[in-house]
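Novice: Structure, please.
(one chain, ligands or ions: 1)
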Amino acid sequence: MKRIVSGITATGNLTLGNYIGSIKNLIKAQNEYEIFMFVADLHGITSPINPSTLRKNVSEQLKTYISCGIDVNKTKLFKQSEIIGHTELFYYLTTISNEGQLKRMTQYKDKSLKSSNKTNHIPLGLLMYPILMAGDILLYNAEGVIVGADQKQHLELTRDLAERLNSRFKLNFNIPEPIIPKIGSKIMALKTPTKKMSKSDDDINETVFLLDDLKIARKKIMSSLTDSENKVYFDEKNKPGVSNLLTIFSAIKEITIEESVEKLKDMDYKKFKESVADVVIELLSNIQNKFNSLTDDDVKSALDKNKLYIQSEADKYINKVTKGFGIR
Ligand code: AMP
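Specialist: Residues are numbered from 1 along each chain as shown. Now for the predicted structure:
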């Protein structure tokens, strides 16, 4: 069975973008692949975060994964920091990484600019983030990684580092393939549909959170930015808002964009937004019902289930790397 790794940073509550770009596809892949899925708390401290907020994010994210349909009897669910090896492999990988390649990452350019505007400095963690991500993937020798389009560049770096490990140290790591959804690989922000929907956006009205109050989520969609044409069709360049709502509708209903347009094309924007809101609310309501029935003990037992196996896999690949480098 092929192995896939996927993680979500613990910087906030999970969003509709996380669900469509990542979680939904992991759920579908559970029967076909061996999946290692983690909440990325170490990535969560890349930019300053209040410790109690981080703890709350980690616990809510784990519950939300399960509420979305991650089956802990199939998927190996864990907390990144609980498995020894992520930070160790990160260090080894820094020694074969180049500063120039890291500085060219689009996400680094965006985030470092934001950070220096806000605080006048750029945490080194922002630059190193993709190396930790490479470590997360190579630690389990994954063959595939389920990600949204925003992570493609980071995965390229992972592939480069795997190749470098193999050629310099005569190792045989898999070169992991990105698995990116055909529809919904980049869900856009609601009021500014030219930027990615993100859980750390300063304006909460840009983002639908999976745990949003249902009335608030509906209101966010109803007040999303469209255009003045009042005609429903797909054109990402000229109608980014309408196209984003069509993408959300299609991804949740698991139909093509063309099928969605066919269903919705005769509606005015008010009716159109109501139809999109209806499918989103139905999804959120199912997730939230499950979320409310889960206890902290359920999460703890989910984490305990495969911990030994996950750690033994991590140990195996760390040992290969340390031996390869000549450290052991
Ligand atoms: P992050 O929240 O940045 O840790 O991302 C976790 C996963 O969700 C990654 O696979 C991302 O590519 C995916 N993701 C995050 N935001 C979006 C979005 N707006 N649209 C599609 N996928 C996303």
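
Novice: Averaged pLDDT, stretch 216-235. What do you get?
Specialist: Taken as a whole, stretch 216-235 carries a mean pLDDT of 98.

Novice: now do the same end-to-end measure for that stretch.
Specialist: End-to-end distance for stretch 216-235: 27 Å, by CA to CA, to the nearest Å.

Novice: Could you pull out the buried residues of that stretch?
Specialist: A217, R218, K220, I221, S224, L225, T226, V232, F234 (16 or more other CB atoms under 10 Å). Bear in mind the C-beta positions are built from the backbone N, C-alpha and C, glycine included.

Novice: In helices, which of those residues appear?
Specialist: Counting by DSSP state H, these place A217, R218, K220, I221 in helices.

Novice: Over to the residue nearest to S223 when sequence neighbours are not counted. Which of the three states is it?
Specialist: Residue nearest to S223 in three dimensions, not counting chain neighbours: N205, with 7.2 Å by CB to CB, 6 or more residues apart in numbering. In three-state terms, and counting by DSSP: H, G, I helix; E, B strand; the rest coil, N205 is helix.

Novice: who's in contact with N205?
Specialist: Applying CB atoms under 8 Å, 6 or more residues apart in numbering to N205 gives the contacts L190, K191, K220, S223.

Novice: Let me have the buried residues of stretch 216-235 in CSV, extended by distance to E60.
Specialist: CSV is the format used below for the buried residues of stretch 216-235 (distance: CB to CB, whole Å):
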residue, distance to E60
A217, 16
R218, 21
K220, 19
I221, 22
S224, 25
L225, 28
T226, 31
V232, 35
F234, 34
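
Novice: Redo those as CSV? Include distance to the ligand.
Specialist: Compiled in CSV, the buried residues of stretch 216-235 are given as follows (distance: CB to the nearest ligand atom, whole Å):
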residue, distance to the ligand
A217, 15
R218, 19
K220, 14
I221, 15
S224, 14
L225, 16
T226, 18
V232, 21
F234, 17
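
Novice: for those, which one is nearest G125?
Specialist: K220 (30.7 Å; CB to CB).

Novice: list the contacts for the closest one?
Specialist: Contacts for K220 (CB under 8 Å, 6+ apart) come out as L190, N205, T207, V208, D212.

Novice: And for stretch 103-116, what's in contact with it?
Specialist: Under CB under 8 Å, 6+ apart, the answer for stretch 103-116 is 47, 102, 121-123, 126-127, 129-130, 150, 153-154, 157.

Novice: switch to 7 Å and redo it
Specialist: Stretch 103-116 is contacted from outside by S47, L102, I122, P123, L126, L127, P130, D150, Q153, H154, using CB atoms under 7 Å, 6 or more residues apart in numbering.
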